[in-house]
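K.L.:
Coordinates for the following, if possible.
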Amino acid sequence: MTAVETLLVHRPRVPGEPAGASSTPIYQTATFSVSPGGDWDYSRSGNPTRDVLEQHLARLDGAARSLAYASGMAAVAAVLRLAPAGSEVVAGCDLYGGSLRFLAELARDRGVEVRLADTTNLTSLRDALSPRTSLVWLETPSNPRLGISDIKAICTLAHGVGAWVAVDNSIHSPYLQKPLEEGADLAVQSATKALGGHSDLTAGVVSVSDPVLGERLAFRQNAEGNALSPFESWLLLRGMETLAVRLPRQLENARYLTQRLRAHRATKGLYTSPKSFLVSLETASVEESRRVIASLRLFRTTVSFGGVTSSASLPCEMSHASVPKKWRGDQGLSPSLIRLSIGIEDPQDLWGDLLAALDGAAVSKQRRAPESTAPQEHVGQAPGSLEVYHCSSTNSEQKPGPMATTRP
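P.N.:
Sure, this is the predicted structure:
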């Protein structure tokens, strides 16, 4: 079996490409001259640059088919809309705010009952499933508290009630995790993040194990016109070539910073995962966290994550601002939580930036004696309510419809 490091830099070629270009050509065109038996006619329906990308992604994910979308949320929406009206979607309770927002829309506009459960706890997930469950949606690691879920065990439970399993793999990417090999039916990524890695494109990916499901998604993608453009397809191809170089450096830096954050008196809570370039920490108050963010110089204050440049954010005021405050509180998502995305810079420079910001925020609050209590640390576990939350539509008259699948 060819190693992923090799696959990343040896992409497929455009059939019949006359020049033998080392870099995939950018077919920046809307239309193609139509000829009998030709593969392309209109870039919304298919484009040689995007086709190479999708074939490349399918090889990396071990998929029957992969589809490239114009953004991560376009990919998320494509999968979540597979749930038929009147059915149930069970989703993790620690998710990206945009995914939660779209789930709320499904409940409101399509009569889909959305249940939120702690997917790191199999008992919680088992209690949430029912014969009406059509789809289980999870992130692992989760965003922003880096909870780790057992994909294989979840698939066993979900498939037992006839539901698909979709895994948002944006943090790990196929370099660190292949959900389809663990039994998932769909693997989703915001390629804007780790896969692209340079914060210069927006893109989404859906990979599927079932070719019939792939055809269904491809039909909708063509009909809705939300496929990735030729130029951004090329940017993603280029970014992926360095994935196996970037991620190990980011993980090494994350471990270095985690050790030091663990010992700092300003750290009141710490969320980590062994194979994640994300590190989330809590301070004593949201005001202190705001001062930390404002004082950082190397860490850019941005939404998104996974680029080669380190960044910092306050999820409750940025990526998760659309999530109702009460729900965030019920799930234990602290407003003081800072999410750090670790890049490839020198780790000592990064720690110097963090240390100055943490020390400065504490001093500007009040001079006080160092506290000796160790931070509460969560490694691969995002604590949340084990209660099943219901976000169902008020229209309860709709009956669940079947979710067609060729999976046994």
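
K.L.:
Which residue ranges of the stretch 251-400 of the chain form helices?
P.N.:
Ranges of helices within the stretch 251-400 of the chain are 286-295, 325-330, 347-365, based on DSSP state H, counting those that start in this stretch.

K.L.:
per-domain residue ranges of this protein.
P.N.:
If you go by automatic domain parsing, the domain ranges for the chain are 4-15+41-242+386-390, 244-379.

K.L.:
CSV for these, including mean neighbour count and mean pLDDT?
P.N.:
Where C-beta positions appear, they are placed from N, C-alpha and C, glycine not excepted. Formatted as CSV, the domains of the chain follow (neighbours: other C-beta atoms under 10 Å; pLDDT from 0 to 100):
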stretch, mean neighbour count, mean pLDDT
domain 4-15+41-242+386-390, 21, 95
domain 244-379, 18, 91
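
K.L.:
export these to JSON lines and tack on distance to residue 27?
P.N.:
Converted to JSON lines, these look like this (distance: least, C-beta to C-beta, whole Å):
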{"stretch": "domain 4-15+41-242+386-390", "distance to residue 27": "5"}
{"stretch": "domain 244-379", "distance to residue 27": "27"}
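
K.L.:
follow-up on the earlier one: could the helices of the stretch 251-400 of the chain go into a markdown table alongside distance to residue 53?
P.N.:
Conversion of these to a markdown table gives the following (distance: least, C-beta to C-beta, whole Å):
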| stretch | distance to residue 53 |
| --- | --- |
| helix 286-295 | 35 |
| helix 325-330 | 36 |
| helix 347-365 | 32 |
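
K.L.:
what's the first-to-last distance across stretch 184-200?
P.N.:
End-to-end distance for stretch 184-200, by C-alpha to C-alpha, to the nearest Å: 29 Å.

K.L.:
How far does it sit from its chain's centre?
P.N.:
What separates the centre of stretch 184-200 from the centre of its chain is 7 Å, taken as C-alpha atoms, centre = their mean, to the nearest Å.

K.L.:
Ok, stretch 297-311 next?
P.N.:
Relative to its parent chain, stretch 297-311 has a centroid offset of 16 Å by C-alpha atoms, centre = their mean.

K.L.:
What of stretch 71-85?
P.N.:
In this view, stretch 71-85 has its centroid 13 Å away from the chain centroid, taken as C-alpha atoms, centre = their mean.

K.L.:
do stretch 297-314 as well
P.N.:
Between the mean C-alpha location of stretch 297-314 and the chain-wide mean there is a distance of 16 Å, by C-alpha atoms, centre = their mean.

K.L.:
which other residues reach that stretch?
P.N.:
Defining contact as C-beta atoms under 8 Å, 6 or more residues apart in numbering, one finds that stretch 297-314 is touched by 170-171, 190, 192-199, 246, 250, 277-278, 286, 289-290, 292-294, 296, 318-319, 335, 337-345, 349-350, 353-354, 357.

K.L.:
Repeat that for stretch 120-135.
P.N.:
For stretch 120-135, the surrounding residues in contact (C-beta under 8 Å, 6+ apart) are 79-80, 82-84, 86-90, 113, 115-119, 136, 142, 147-150, 153-154, 157-158, 160-166, 380-382, 386, 388, 400, 403.

K.L.:
just stretch 39-46 next, same as before
P.N.:
Residues outside stretch 39-46 that contact it (C-beta under 8 Å, 6+ apart): 15, 27, 29-32, 34, 47-48, 50-51, 222, 225, 227, 229-230.

K.L.:
What about these, which are in strands?
P.N.:
Within the contacts of stretch 39-46, no residue falls in strands by DSSP state E.

K.L.:
Next, give me the two most distant ones among these.
P.N.:
In those, the most distant members under the criterion C-beta to C-beta are 15 and 225, with 24.4 Å between them.

K.L.:
mind listing the helices for the stretch 1-150 of the chain?
P.N.:
Read by DSSP H, counting those that start in this stretch, the stretch 1-150 of the chain holds these helices, from start to end of the chain: 4-9, 48-61, 72-80, 97-110, 122-128.

K.L.:
Distance to residue 326 added to those helices, as a markdown table?
P.N.:
Conversion of the helices of the stretch 1-150 of the chain to a markdown table gives the following (distance: least, C-beta to C-beta, whole Å):
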| stretch | distance to residue 326 |
| --- | --- |
| helix 4-9 | 42 |
| helix 48-61 | 37 |
| helix 72-80 | 23 |
| helix 97-110 | 13 |
| helix 122-128 | 20 |
